[in-house]
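Student: what would the 3D arrangement of this be:
(one chain, ligands or ions: 1)
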Amino acid sequence: MPELKYCVEVIEAYKFYNRKAALNKFSMKVEEGTVYALLGPSGCGKTTLLGALVDRVQLDSGLIKMATKSTSEIGYMPQEVALYPEFSLKEHLMYYGRIYSMTTVAILSKSEELREFLHLPPLNTIIKNMSGGEQRRVSLCITLLHNPKLLILDEPTVGVDVVLANNIWQNLLYMSRNEGKTIILTTHYIEEARRSNTIGLMRNGILLTQDSPGTLMEFHNCDNLEHVFLKLCEQNLEGFDNYDENAEVKGHERKPGKHLKKTKILNVHCVSAHILKNLYWMRRNIPHMLFTFALPVIQCVLVSMTVGETPSKLSLATVTSELPKGIYECSESIWTKPLSCDLNDVPFSCYIIKKIMDASISITQYASLEEAKRSVKKNYQWGVLYFNKDYTASLKERFSLDLKNDTIMENSEIKIWMDNSDTVISGILKTTIIKSLFDFIGELSDKCSWQTKGAALPIGYEEPVYGSYETTYRQSMTPANAILFMFYFPILFTAGALITEKSSGLLSRGLVAGLSWLDIAIGHMVLQYIILIVQLIFVWIIFYYLFSNIMIGDIYLCLLLLFLVGTCGMFHGFTIVAMCDDFTSASCLAFGRYFPIFLMSGAVWPVEGMHYVLKIISIYSPLTKAVEAFRAVSVRGWTQYHPTVYSGMITVVVWTVIYGFITILFIKFKGIKL
Ligand SMILES: Nc1ncnc2c1ncn2[C@@H]1O[C@H](COP(=O)(O)OP(=O)(O)OP(=O)(O)O)[C@@H](O)[C@H]1O
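Tutor: Presented below is the predicted three-dimensional model:
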């Protein structure tokens, strides 16, 4: 193999973003042990080039040759400081040191050495308590930690004062001269670039020239680099007509492969580094962790206490014409004693009203029907019950099966006028009134041998096959709530934690340092599963111990289903992270997805009542079958061998795989911004 002449050589590199060239036939050569400053205005393609050098930007065409073959021999410093504000300097160095497979002793001794070299504060200083300049030097310190041969630094002096910039330059020159390191850096500042061995002047993705600062000034007959740059820009503008029109076509002819040795798909050091970093994060973010654990408690308690319990303190107006003085005329014994068969003097309306009042509905007596109706219009009452003056007599006649007599039929009816504006409340009142009436009729027939069958509905509800007639709406909603919560908590945490790292450049920095996506995913999953298990325990205790919802099936099967749903939520979180670049778009996507999935899961309204198109979508949506499966196990006691149960589990697993696949596609084709 012929000996490589340069430490880094870029040959005719092209990179296009939205048909615009960020690198246009770009070529450069960097000699070993030198400082190479890439100089150019904002947006000329400097970061893109550095990204290509560290294999984070895929060139459309061209070749990169490097004496350095692995990421572990490169130290990359991104443009943003890319640090965890709440971590200490030592925690950062431990994290990156582990990624580079260094021992704890080696990390600590190198940390101390670098701290002195870069004049950094003590190792236990928290990053957010450091000045901007100190943070930038911490970033450089991380870059130097594993003693790399090649340093790639994106604007190391941007935004720092002159003294600090001078200090950084001194350090860089020292390392190149005395330690033989090759340093490639980008800068906007022309004068500071004078101190480098070679300057590459760049504009619109093109390298205008490269040489030593002295040679450039001499050759172009200028006394400073600014004039050289302006002169070259003018020449470049004149020659702009010679711009290669077919550059884009050429650029797409062949895509070069990666030039650095592929990071291991799974590296134990990297996974342990990521887990360690997550543990630091948990320790440093106690309020956030408390909120993460408090969220399921608050949500479950709130939903159990607000939705689905039968409304109480509802009130109805009554007009009882058979009692001229109203219910005050009802005998005292009716309110205190059980039903007696000696009913001769007691109007039936008294008993029925008592039954309704026993069902926690308050009754207000009105003198006339008009007055009672007015009270409903004024929103004082939810409805009017009207008992005819011949109500009791007619009901007795009705019991005698004289059903052909219209007057008797009419007079034995309780007339009801309802405020139907709230269908839930009016539905509850209707059910209560009907139940009270039939309870009364039932007691009459049981205890007093009255012929009441004719007045009863020809229907008999026997012992339910599953559930009970006392099941509240809250209880029937619980399977859906448990599934939805266990899906959404992991989405929120995964997307929240990783998007912050992605948008601040931390993920990108970790990837350049040697982490693989799988290392990141596994490191995150360990933390997420710890949280998921705690959340699962809270959800379970609140729903099934505190609020005594129905659980007659296999508890372990239910827990397994919730665990699978949680995993699916976490993978959905990964998809969001892969698709979005910032917190705003990630939260829009997460919340935008929540409502349709919630509605289509059948949690609020049965799937059978949906529009037929949505019904089809609902069946294939991630949670519908899981909700059915959870309900089947918890309320019906079905096992994993029942199709409803295993199809629910399979759907969740399939969706987890789909989310994983979409995530991989996005990572592969969209990549991650440096
Ligand atoms: N991921 C991306 N998607 C679309 N366009 C991009 C992307 N990254 C860079 N660009 C575009 O490519 C061009 C070069 O960008 P680059 O960040 O490399 O410039 P730069 O010289 O580093 O700028 P600065 O000095 O301001 O950091 C710019 O026009 C930029 O908008």
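
Student: you'd agree A21 is in a strand?
Tutor: Yes - applying DSSP: H, G, I helix; E, B strand; the rest coil, one finds A21 inside a strand.

Student: going forward, begin numbering at 12 instead of 1
Tutor: Fine by me, first position is 12 from now on; the one you just mentioned is A32.

Student: without its sequence neighbours, what residue ends up closest to it?
Tutor: Spatial nearest neighbour of A32, chain neighbours left out: G216 (4.7 Å); criterion: CB to CB, 6 or more residues apart in numbering. No exception for glycine: its C-beta is placed from N, CA and C like everyone else's.

Student: what's the answer for Y107, then?
Tutor: Using CB to CB, 6+ apart, the nearest residue to Y107 is I153, at 5.1 Å.

Student: mind listing what's buried along stretch 373-390?
Tutor: Within stretch 373-390, the residues that qualify as buried are I374, Q376, Y377, A383, K384, S386, V387, counting by 16 or more other CB atoms under 10 Å.

Student: the fourth one contacts Y391, correct?
Tutor: No - judged on CB atoms under 8 Å, A383 makes no contact with Y391 at a distance of 9.8 Å.

Student: pLDDT below threshold where in the chain?
Tutor: Scanning the chain for pLDDT under 70 picks out the ranges 12-16, 247-266, 273-274, 342-356, 411-416, 458-469, 682-685.

Student: report how many residues lie close to the closest residue in space to D369 that isn't next to it in sequence.
Tutor: In this structure, D369 finds its nearest non-sequential neighbour in S447, 7.6 Å apart by CB to CB, 6+ apart. As a burial measure, S447 scores 21 neighbours (other CB atoms under 10 Å).

Student: out of the buried residues of stretch 373-390, list just those in helices.
Tutor: Under the assignment DSSP state H, those contribute A383, K384, S386, V387 to helices.

Student: need these in JSON lines (columns: distance to the ligand).
Tutor: Formatted as JSON lines, these follow (distance: CB to the nearest ligand atom, whole Å):
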{"residue": "A383", "distance to the ligand": "71"}
{"residue": "K384", "distance to the ligand": "69"}
{"residue": "S386", "distance to the ligand": "67"}
{"residue": "V387", "distance to the ligand": "64"}
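
Student: one step back: and the furthest pair within the buried residues of stretch 373-390?
Tutor: Farthest pair in these (CB to CB) is I374 and K384. Separation: 15.7 Å.

Student: does Y291 lie in a helix or a strand, and which?
Tutor: For Y291, the host element (DSSP states H and E) is helix 279-295.

Student: list the contacts of that helix.
Tutor: With CB atoms under 8 Å, 6 or more residues apart in numbering as the test, helix 279-295 has contacts from 95, 97-98, 102, 105-107, 109-112, 275, 300, 508, 521, 525-527, 530-531, 533-535, 537-538.

Student: where does I502 sit: helix, strand or coil?
Tutor: helix.

Student: so what's the residue count around it?
Tutor: 25.

Student: OK, contacts around it?
Tutor: So I502 contacts G580, M581, H583, G584, I587, A601 (CB under 8 Å, 6+ apart).

Student: and L325, by the same measure?
Tutor: Shown in contact with L325 (CB under 8 Å, 6+ apart): S371, I372, S373, W393, I436, I439, L440.

Student: out of those residues, which end up buried?
Tutor: Neighbour counting by 16+ other CB under 10 Å classes I372, W393, I436, I439, L440 among these as buried.

Student: pretty sure the third one sits against N390.
Tutor: Same thing as I436. No - assessed by CB under 8 Å, I436 is found out of contact with N390, at 11.9 Å.

Student: any figure for the gap between S150 and K389?
Tutor: Using CB to CB, to the nearest Å, S150 is found at 70 Å from K389.

Student: now swap in S598 and tell me
Tutor: As judged by CB to CB, S598 and K389 stand 45 Å apart.

Student: same deal with S81?
Tutor: In this view, S81 and K389 are 82 Å apart by CB to CB.

Student: just I552 next, same as before
Tutor: 45 Å.

Student: how about T209: what's its closest non-neighbour residue?
Tutor: With CB to CB, 6+ apart as the criterion, T209 has its nearest non-adjacent residue at 4.7 Å, and that residue is Y47.

Student: beta partners for that neighbour?
Tutor: Y47 has these beta-bridge partners by DSSP bridges: I195, T209.
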